[in-house]
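[1] how does the following fold in three dimensions:
(one chain, ligands or ions: 1)
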Amino acid sequence: MALGLSRIERPDYSPLGRTDLTVARDRNLRLYTHAAPVMEMLYEQIVNTDSMVVLTDATGTILHSIGDDDFLSRAAKVALSPGANWSEAAKGTNAVGTALVDEVPTLVHADEHYMHANHFLTCSAAPILDPRGNILGVLDVSGDQRSYHQHTMALVKMSARMIENHWLTDDYRNVMRLHFHSRVEFIGTLMEGILAVAPDGKIVGANRGALEQLGLSGAALRMHSVNSLLGLTVGALADRFRSPLAVPTPAQTPDGRQFHVHARFNWSVWSQGSDMGEAPSRTSSQPIEEATIRTPSTPGSTAGASTSASHDAPRPSGGGLKQLQTGDAQVDTVVGKIRRVLNRDIPVLVLGETGTGKELLARAIHQDSERARQPFIAVNCASIPDTLIEAELFGYEEGAFTGARRKGSVGKIVQANGGTLFLDEIGDMPLPLQAHLLRVLQERQVTPLGSNKSVSVDVAIICATHRNLREMIEAKTFREDLYYRLNGLAVRLPSLRERTDLMALVQRILERQCPERRLSLSSEVVRLFQSYHWPGNVRQLFNVLRTAAVMAAHESVITRDHLSDDFIEDALRAAASAQASPAPAPTLSALSDMAPSVALPPSVYAPAPASALPTWPPLGGERANASPTRPTGPAPSEPPRSLQDMEIDAIRRAVEAAGGNISEASKRLGISRNTIYRKLRWQNPLGD
Ligand SMILES: Nc1ncnc2c1ncn2[C@@H]1O[C@H](COP(=O)(O)OP(=O)(O)OP(=O)(O)O)[C@@H](O)[C@H]1O
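    Got it, this is the predicted structure:
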């Protein structure tokens, strides 16, 4: 089975030990602080209904629960108690685990649970997201399935929203918040949208109500300023809403939606800290005091050749992304896309063959960003042994290891705090570490190995790989959830043979290498270069030119004599075979179908077209006496079944075959996860 789970066994009740649970609770103290009063209120609504209220962290581990005594003891028997993990990996389909994966409110009722032991439950869960869309945890009401009530889900959703709104207000207490709704009387209620606005007018955070009313994703919203979105300026809002008596002002979005807007801000903080053009001092969702932590690199670090850092580098004036533009349209497109997400806290995934300049691009992004004066830390996941990479990334406490490394070390993630972390060859990161990294990205906190104290971090993430991550996901060697977390914007750097600016690139490299003399190429070398396939991409070109420039010490033209013999041989062979065979199509990298250049968040992925459906298992094949591979319809003696029934049967069987793993089943069927849930619930006797 895909997740190694058995449907019929009792769930493995192996909760976290006391210490681990304490650590998990400490780490999520802020979540608990916001959630606890809301959980009490929620419980008051469901008391005496054989139910309980559950709070989990972003990994699905139960942090806290309150409920009816009788039900709590029954729930404990299926590990529905603090310390137990309810991720899909641990329990198969269940409301908490599925809400975590889908990041939407989820009801899982009775036998919709993957494990038989959980069939007595009905569970309504809603994810709790921070204002940047990072998942913080899940709020859930679980009860005896016989006590199901359709209002429970609505209550859970509203409660999760309440926690999110508290979190947002707390996060952005020192910036301006816009509370808005299309109906003025809804301002101040749970239905209102809230936007956090930086002093320069950029939108830096939003609650769920805002996304819903504006019909925009968090990422799309962060591309806007309050002016471009609502036609209002921060200055005018500040002037108007300084008075506590100010009434909401009307505003309209570019697509014609009309709202009433009320701005709230702390005038004394605002007037001191803002000159209306300044970027926010705090761009993350952390409290102010946490966001200012800067931890220097320690001597115990094992940086070596695989990691590099540039601390407090002066912000270069003409460098950055512009220097990469030498006339190739594909590179221009990549740079254009990146410019649009710059400083928007959107993780960038750079795809491309080795030597195409992925790290150079990452450095350029950092240099052009507001983080340019903070560290740029590059970690090559492929060149660090698996056994060291965890310590390298997350750091370790003094005494966590014996021997030379006993001194303790600040991990690379903490070193990058405030700046940019570049994870090169992310596809080479071992699976267990992928889970650890995902946790850090979700919680924005790092706990060094051997320590029980976590450090808050604020890093921009850029990853790169030459591997096909989609294939790795299929092969289960790369986590899908991490892929989506890292892939805010995926861009592919073209291989050198696809680029149309070879000669401009040559010129740029020669100018950089020998600024004191003007070097050019002989026409023979130009021809050789143009017919060559450059398997090592720009890195190879760079090396060939560096050698040639040295060889041509006192000359101004690089000729064939200045090139190394093996390169000439290789290039001539390539030129000869190109002449012998009909002109080959430019060898597009195998990566070309790896990812769209702009990655859409999972929620925007369209279901596969109907033509992708033939992987469906044969319809009707699940009946006891039918061969599972026989593509037959129902036996003639049976009453004809509706298409709808057959479709649902097929979905059920695919889910079964995928071991309860809905993601896997959706891939096999070529339909979205949501469609699976919708279709299966269609049959739900409770009609949800
Ligand atoms: N646009 C460019 N202009 C000048 N030099 C470049 C350019 N792109 C790449 N290079 C040079 O090519 C070499 C390889 O670049 P880089 O390390 O960024 O590639 P990469 O794709 O990250 O490689 P790998 O996949 O092996 O990690 C570096 O020496 C870099 O300076």
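
[2] wait, R508 touches T326, no?
    Yes. Judged on CB atoms under 8 Å, R508 makes contact with T326 at a distance of 5.4 Å. The way it works is simple: take the backbone N, C-alpha and C, and place the C-beta from them, glycine included.

[3] how far away is F120 from the ligand?
    Applying CB to the nearest ligand atom, to the nearest Å, the value for F120 to the ligand is 53 Å.

[4] I'd assumed C514 was in contact with A549.
    Yes. Shown here, A549 and C514 form a contact pair, counting by CB under 8 Å, at 5.3 Å.

[5] residue contacts, D561?
    M551 (CB atoms under 8 Å, 6 or more residues apart in numbering).

[6] quick one: it is in a helix?
    Yes. Per DSSP: H, G, I helix; E, B strand; the rest coil, D561 lies within a helix segment.

[7] pLDDT value on R222, please?
    For R222, the pLDDT comes out at 81.

[8] please apply the same query to the one 4 residues further on.
    At V226, the pLDDT value in this model is 92.

[9] and what of L680?
    62.

[10] for whatever helix or strand R25 lives in, packing partners?
    If you go by DSSP states H and E, R25 is part of helix 18-27. Helix 18-27 sits against strand 62-67, with contacts defined as 3 or more CB pairs under 8 Å, 6 or more residues apart in numbering; DSSP states H and E.

[11] so which bits of the strand it packs on are buried?
    I62, L63, H64, S65, G67 (16 or more other CB atoms under 10 Å).

[12] next: stretch 507-522.
    Q507, R508, I509, L510, C514, L519, L521.

[13] try stretch 332-343
    So, applying 16+ other CB under 10 Å, buried residues of stretch 332-343: V334, V335, I338, V341, N343.

[14] does that stretch reach the ligand?
    No. Counting by CB under 6 Å from any ligand atom, the ligand is not contacted by stretch 332-343; separation bottoms out at 10.6 Å.

[15] alpha carbons only: can I get that stretch in CSV?
    Extracted C-alpha coordinates of stretch 332-343, given in CSV (Å, rounded to 0.1, in the frame of the first residue of the first chain):
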residue,chain,number,x,y,z
ASP,A,332,14.6,38.0,-20.7
THR,A,333,11.3,36.3,-19.9
VAL,A,334,12.8,34.6,-16.9
VAL,A,335,14.2,37.8,-15.6
GLY,A,336,10.9,39.6,-16.3
LYS,A,337,8.9,37.0,-14.2
ILE,A,338,11.4,37.2,-11.4
ARG,A,339,11.2,41.0,-11.2
ARG,A,340,7.5,40.8,-10.8
VAL,A,341,7.8,38.6,-7.6
LEU,A,342,10.9,40.3,-6.2
ASN,A,343,10.4,41.2,-2.5
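
[16] if we can go back for a sec, next secondary structure after the helix holding R25?
    Trace forward from helix 18-27 with DSSP H and E and the next one is helix 29-46.

[17] what sits up against that next one?
    25, 53, 55, 57, 63-64, 66-67, 128, 136-137, 139, 141, 143, 152, 155-156, 159, 162-163, 166-167, 170, 287.

[18] and the residues you listed, which are buried?
    25, 53, 55, 57, 63-64, 67, 128, 136-137, 139, 141, 143, 152, 155-156, 159, 162-163, 167.

[19] mind checking which of those residues are in strands?
    V53, L55, D57, L63, H64, G67, I128, L136, G137, L139, V141, G143 (DSSP state E).

[20] so among these, where is pLDDT lowest?
    G67 (87).

[21] okay, the nearest residue to R560 once chain neighbours are set aside and T559: tell me how far apart.
    Among residues not flanking R560 along the chain, E524 sits closest, at 5.5 Å (CB to CB, 6 or more residues apart in numbering). For E524, the distance to T559 equals 7 Å [CB to CB, to the nearest Å].

[22] who's more crowded, those two?
    Comparing E524 with T559 by other CB atoms under 10 Å, the one with more neighbours is T559, at 15 against 11.

[23] so the more buried one is in contact with L528, correct?
    No. Contact between T559 and L528 fails when scored by CB under 8 Å: they sit 10.5 Å apart.

[24] tell me the residues on the protein that lie near the ligand, please.
    324, 352, 354-360, 424, 464, 466, 508-509, 538-539, 542.

[25] now with 8 Å, please.
    Within reach of the ligand by CB under 8 Å from any ligand atom, the chain has these residues: 323-324, 326, 331, 350, 352-363, 380, 424-425, 464, 466, 493, 505, 508-509, 512, 537-539, 541-543.

[26] what's around R146, how many residues?
    Neighbours around R146, by other CB under 10 Å: 9.

[27] an error on my part: the question was meant for R242.
    13.

[28] so M39 versus the ligand, what's the distance?
    47 Å.

[29] ok, M162 - contacts?
    Counting by CB under 8 Å, 6+ apart, M162 has contacts V38, L190.

[30] how close does it get to the ligand?
    Distance from M162 to the ligand, by CB to the nearest ligand atom: 45 Å.

[31] one step back: please produce a ChimeraX select command covering the buried subset of the residues of the chain next to the ligand.
    A single ChimeraX command is used to select the members of the residues of the chain next to the ligand judged buried by 16+ other CB under 10 Å:
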select :324,326,331,350,352,353,355,356,357,358,359,361,362,363,380,424,425,464,466,493,505,508,509,537,538,539,541,542
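
[32] just the ones of the residues of the chain next to the ligand in helices?
    Under the assignment DSSP state H, the residues of the chain next to the ligand contribute 331, 358-363, 505, 508-509, 512, 537-539, 541-543 to helices.

[33] residue ranges with poor pLDDT in the protein?
    For the chain, the stretches flagged by pLDDT under 70 are 1-15, 18-19, 243-245, 267-319, 398-408, 578-648, 656, 659-661, 667-668, 670-688.

[34] G92: what's its closest spatial neighbour, skipping adjacent residues?
    Nearest non-adjacent residue to G92, counting by CB to CB, 6+ apart: Y114, 2.6 Å away.

[35] that neighbour: which element?
    Judged by DSSP H and E, Y114 forms part of no helix or strand.

[36] how much space separates it from F529?
    Look at Y114 and F529: by CB to CB, they are 58 Å apart.

[37] the two: who's more crowded?
    Y114 (27 against 21).

[38] if we can go back for a sec, the residue nearest to R560 is in contact with H562, isn't it?
    No. E524 lies out of contact with H562 (CB under 8 Å); the separation is 11.3 Å.

[39] can you give me the domain boundaries for the protein?
    18-152, 172-290, 304-492, 518-580, 606-682 (automatic domain parsing).

[40] most tightly packed of the ones you listed?
    Counting by mean count of other CB atoms under 10 Å, domain 18-152 has the highest mean neighbour count of the domains of the chain, with a mean of 21.

[41] and that one, how far out from the chain's middle?
    23 Å (CA atoms, centre = their mean, to the nearest Å).

[42] ok, L221 - contacts?
    Counted by CB under 8 Å, 6+ apart, L221 has contacts L195, I203, A206, A210, L211, L214, L229.

[43] go through these and flag which are in strands.
    L195, I203, A206.

[44] just curious, which of these is nearest to P250?
    L195 (15.7 Å; CB to CB).

[45] quick one: that closest one and F180 touch, right?
    Yes. Counting by CB under 8 Å, L195 touches F180, with 7.3 Å between them.

[46] need the distance between the two termini of stretch 125-141.
    Stretch 125-141 has its terminal residues 6 Å apart, counting by CA to CA, to the nearest Å.

[47] show the subsequent helix or strand relative to the helix or strand hosting A238.
    Secondary structure assignment for A238, by DSSP H and E: helix 234-241. Past helix 234-241, further along toward the C-terminus, the next helix or strand under DSSP H and E is strand 249-252.

[48] can you map out the strands along the stretch 201-350 of the chain?
    Using DSSP state E, counting those that start in this stretch, the strands of the stretch 201-350 of the chain run over 203-206, 249-252, 258-264, 307-310, 348-351.

[49] doesn't V108 lie inside a strand?
    Yes. V108 sits within a strand when classified using three-state DSSP.
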